[in-house]
Structure formats: C-alpha cells, structure tokens
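Peer 1: Build the 3D model from these lines:
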Amino acid sequence: MHAINAGVTRPADPVPLCVDLDGTLIRSDLFVESLFALLRKNVAYLFLIPVWLMRGKAYLKHQIAQRVDLDVTLLPYHGPFLKYLREQRAAGRRLVLVTATHQKYAREVAAYLDLFENVLATDDTTNLSGTYKHARLTADYGAHGYDYAGNSRKDLEVWSEARRAVVVAPDRGVKAGAERLATLERSFDEGKAASIKDYLRAMRPHQWIKNLLVFVPLIGSHKVHDLALLLDAALAFSSFSLCAASVYLLNDLLDLDADRHHAQKRRRPFAAGRISVVRGSLLIPVTLILAFALALMTLPPAFGAALGVYYLMTVAYSLRLKRVLMLDVVVLAGLYSIRIVAGTLAIAETHSFWLLAFSMFIFLSLAMAKRCAELSAMQSLAEDRVKGRGYRRGDLEMVQSLGASSGQIAVLVLALYIVQDGGYAAYSRPEVLWLLCPLLLYWIGRVWIFAHRGWLHEDPVVFALRDRLSWWIGASALVIIWLAI
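Peer 2: Purely as a prediction, here's the structure:
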C-alpha cells in the first residue's frame, strides 16, 4: 500500500478514525498502572488477582477498576499525535476511542480530552483486544469502513480490515505490517524508543553508592589488603546494587500517581512515559534473580539471608511503611545498617555492635534530613500533607529537632567507642581517632543547617556525592583512620 501525503487534510471525512489508548494515545498501559496502584493500596490483593483472572482478563480488569482510581489528567499523552487528533476533530472528523482498557478509565480519558464521539472499551465480560476489537469495529462500521490508530502487533488484525492506518510509536515490525494491510495515513514514530540512559536512570545507579557500606566491615577489620575478601565484598556490592535496582523499579511503578504530582519526580522515566511500564514490570524480576543468583552462587548463605531481609524490608517500605509517620525513617536507617551486617557476613567477620549503633543513629539523622527537605519545600504551598507520606507541614520543627539530635548521638557513640578497650585494642594510635568527632560534628551540623534553610533539595547521600566539601571531609576521615591504624 502507498502512504498518503502527510500534508493533505481531509475535512469532514465520513469514515471515523478509531483510536487505541494504551501505547498509542498515551505512552503507558493503564492495565499495568492500575494493577500496581491496586497493590500499593493493599498488597493482600496479590492473592485475589489469580482468582479473578480465572474468570477471564475482562473480569480481572473490572475488579481492579472497582477498587482503583487513576488521575487521567496527568497521564503521559503522546503530544504530536494528540495535536493531530485535535486538528482532525476541528476539521469535523469523527473520532472513536476503542481500547482494551476498562471502560471506567477510557470514559474518564474521553471526558478529559473532549475529542471522542464514542467510547468502546473492556467491560466485565469482554476484553476488547485483538480479535474482539477487530470484530467489534467490523460489526459497527463494516469492513474498510473505519480508519484505525494503533501501535502493537495485536493491532495488525484490526488493520486487516481498516481503510487506512495511523501508526503511533510502533513496536518493531508493526509499521511495515500496517503498510502491507492498509493505506498508511500518518506515522508518529519519532523519539519513541527508550535509551540506555533512561533505563539506567530508572535503576538509579547514583543511589548504589549507598551499597559501598558493605565494604565498611572490611575496612574496619583492617583486611583491605586481602584480595579474596576484597573480591567477596565487591560481589556483595554488586548483588546489593542489582537488588536495589529491582526495588527502585518496583517503587517507581507503585508511585506513578504520586510522582506525576511531584515537581521533580514527574520527570522520572516511567512517570513521563519514556520507558514502557510493561518492560519495567519485566525488568523487576530479571534484576532480582540476578542479584540472588550472584549472592547464592558466590557468597555465604547468611549473606543471601541478609539480602532477602533487605529486599523484604524495601518492598514493605515501598508498599506501606514509607507512608507511616516516623516508622519510615526508622526503616530507612535499618536498611543502611543491614548493608553493614551483610558486608560482615560476606567476609565472615564478627559483628561490631558499636558500628551498628553508630550507623543506626547517623542514618536515622540523614533519613530525617530528607523528610525535612520535603517539608521545607512545601512551606510556601497550600497543601498540609506531604503526598504519599505521613507528615504534615507543621511537623517541620519536630523533624528538625529529632534528626539533628540523632546526628549528635551518632558522634557520641563514636566517642564512646574510641575510649572503650576494644577501640584501643584495634588501633595503634587510637587517640588520632578523636579528630573524627569534630569533623563529623561539622558535617552533620552543615547538612542540618542546609536542611533548615531549605537548601537541601535532594537525598542527603546524593547531596554528599555532589558536594565538593563533603568529598574533602570524607577523604580527611580516611586519612585519620589510616594514621590511627
């Protein structure tokens, strides 16, 4: 078939243009989005999903739609294609939204855009996809009595009896298939593919720096020169990073609605529609399996158990605990400490309870600094609550007080460690370690003053990575420890 000149406009075309929703009108999949929204609402629904699915995919979608609301005003609409639809509508073209998405969401999208004269969508008995969509359109408009806009291989069956095809962000090979089956009216396939940078951003490798904590027990035991133990610690770091990537992917899919309401987070790859939520769903188990395969094949079983606890805690945090006042920051601090425990297990060392106590207080302080930054950012806004959290705007002073005091307690724990017998037994010049106390007091105080002034616009760990002075302080701390050995 030959493509029609893109510049030609056919006003008041009597043949309707039927438009697919998922992947075509929007750069997302509302079934996947609603599924993750359901799990975020209550993870117990995970056990009901197979029961509903036994009665068919249409019934499953209907049950989810009854329990989940989506904000269709913030969906990642395909801009150039939406502009084209508005032009067609202005010229008198009849537009029909036809989709496998449940009719609840489809009608909300149609009402928001105010473009479509009719909506054909999945109900509680029929999943309007593939063969069913093809049959419905042929029955309503006749063979070659409609044009169709789609993007996936399932749409090829619909194009087989369409008059013309509009292809939007097509999967591989779909555009060529559509051209063989119908006259190609328009193609909107520019810039659709997600880049490696997008996938890396979704997995947040800059956050993997936190996993360097698994090296702390190796450094504390003064065995960095042991190449075998160094390799074990490196494998532990890699395993934790893959596991963290899986969790970050899951977290972003669970938080799509909250992210789209956030000034910065709405630019994340899933929220902005740069990465398919379907592909993201597949990437979650892949990274998780790789993480545990690496752990169980190369490191002691106890490390694998610690990694499992870390994963369960992070999933619980993503699903529920991050919305619970104070428990969220305690869990975050615990997740940092688990990394240290796992690092100890990876090299088969004895646990240092001084180190665990210090890590718990210092990371509780940093977790609360992150909440302080979020509360500071909303002081000029009308909202009283931080979306997706358990905090209110008036909690700012209390969060500042609790967080700053936790940081000071961490320094006290360090001082007590230095004066106790174990500290003196582990270092030849333990008195040099006292220099760490003023250094740490300065850094913690600086972080909290920044948070109080509203200058801390990100995770404190990310801030430290980008802050040149923090790098100098970290380097100075390593020199002090080296001089004390």
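
Peer 1: so how far is Pro300 from the residue nearest to Phe215 when sequence neighbours are not counted?
Peer 2: Excluding the flanking residues, the one nearest Phe215 by C-beta to C-beta, 6 or more residues apart in numbering is Ala233, at 5.1 Å. Backbone N, C-alpha and C define where each C-beta goes, glycine included. To Pro300, Ala233 is 12 Å away according to C-beta to C-beta, to the nearest Å.

Peer 1: Within the helices and strands, which one has the residue nearest to Phe215?
Peer 2: Per DSSP states H and E, Ala233 falls inside helix 227-254.

Peer 1: tell me the mean pLDDT over that helix?
Peer 2: Helix 227-254 carries an average pLDDT of 93.

Peer 1: how far out from the middle of the chain is the strand ranked longest in the chain?
Peer 2: If you go by DSSP state E, the chain has its longest strand at strand 95-102. Computed by C-alpha atoms, centre = their mean, to the nearest Å, the chain-centroid distance of strand 95-102 equals 27 Å.

Peer 1: Partner strands of it, with direction?
Peer 2: strand 17-19 (parallel), strand 118-122 (parallel) (DSSP bridges).

Peer 1: Only the buried residues of the last one, if you could.
Peer 2: Buried positions in strand 118-122, judged by neighbour count with 16 or more other C-beta atoms under 10 Å: 119-122.

Peer 1: mean confidence for it?
Peer 2: Regarding strand 118-122, the rounded mean pLDDT is 96.

Peer 1: Give me the next element, helix or strand, following the longest strand of the chain.
Peer 2: helix 103-113.

Peer 1: secondary structure element for Tyr148?
Peer 2: Assigned by DSSP H and E, Tyr148 falls within strand 147-150.

Peer 1: which helices and strands does the helix or strand just after that strand pack with?
Peer 2: Going down the chain from strand 147-150, the next helix or strand is helix 155-159, by DSSP H and E. Judged by 3 or more C-beta pairs under 8 Å, 6 or more residues apart in numbering; DSSP states H and E, the packing partners of helix 155-159 are helix 131-141, strand 147-150, helix 174-181.

Peer 1: ok, residues contacting the very next helix or strand once past helix 155-159?
Peer 2: Sequence order places strand 164-168 as the next helix or strand after helix 155-159, per DSSP H and E. Defining contact as C-beta atoms under 8 Å, 6 or more residues apart in numbering, one finds that strand 164-168 is touched by 4, 15, 17, 20, 23-25, 78, 81, 147-151, 159, 174-175, 178-179, 181-189.

Peer 1: what do you get for stretch 281-293?
Peer 2: For stretch 281-293, the surrounding residues in contact (C-beta under 8 Å, 6+ apart) are 32, 199, 203, 239-243, 245-246, 249-250, 253, 304, 307-308, 311.

Peer 1: how close does Arg172 get to Asp189?
Peer 2: Applying C-beta to C-beta, the value for Arg172 to Asp189 is 11 Å.

Peer 1: Could you check which of those two is surrounded by more residues?
Peer 2: Asp189 (13 against 8; other C-beta atoms under 10 Å).

Peer 1: Provide a list of residues in contact with that one.
Peer 2: Neighbouring residues of Asp189 by C-beta under 8 Å, 6+ apart: 167-170, 175.

Peer 1: let's go with 6 Å and repeat that
Peer 2: Going by C-beta atoms under 6 Å, 6 or more residues apart in numbering, Asp189 touches Pro170.

Peer 1: Check what pLDDT it gets.
Peer 2: On pLDDT, Asp189 comes in at 76.

Peer 1: ok, now Glu108?
Peer 2: You'll see Glu108 listed with a pLDDT of 97.

Peer 1: Settle this for me: it is touching Val72, isn't it.
Peer 2: Yes: under the criterion of C-beta atoms under 6 Å, Glu108 makes contact with Val72 at 4.7 Å.

Peer 1: now for whichever strand or helix holds Pro217, which elements pack on it?
Peer 2: Counting by DSSP H and E, the element that carries Pro217 is helix 216-220. Helices and strands touching helix 216-220, by 3 or more C-beta pairs under 6 Å, 6 or more residues apart in numbering; DSSP states H and E, are helix 327-346.

Peer 1: Where does the prediction get shaky in the stretch 251-400 of the chain?
Peer 2: Applying pLDDT under 70 to the stretch 251-400 of the chain flags residues 379-388.

Peer 1: If anything else comes up later, I'll come back, but that's it for now.
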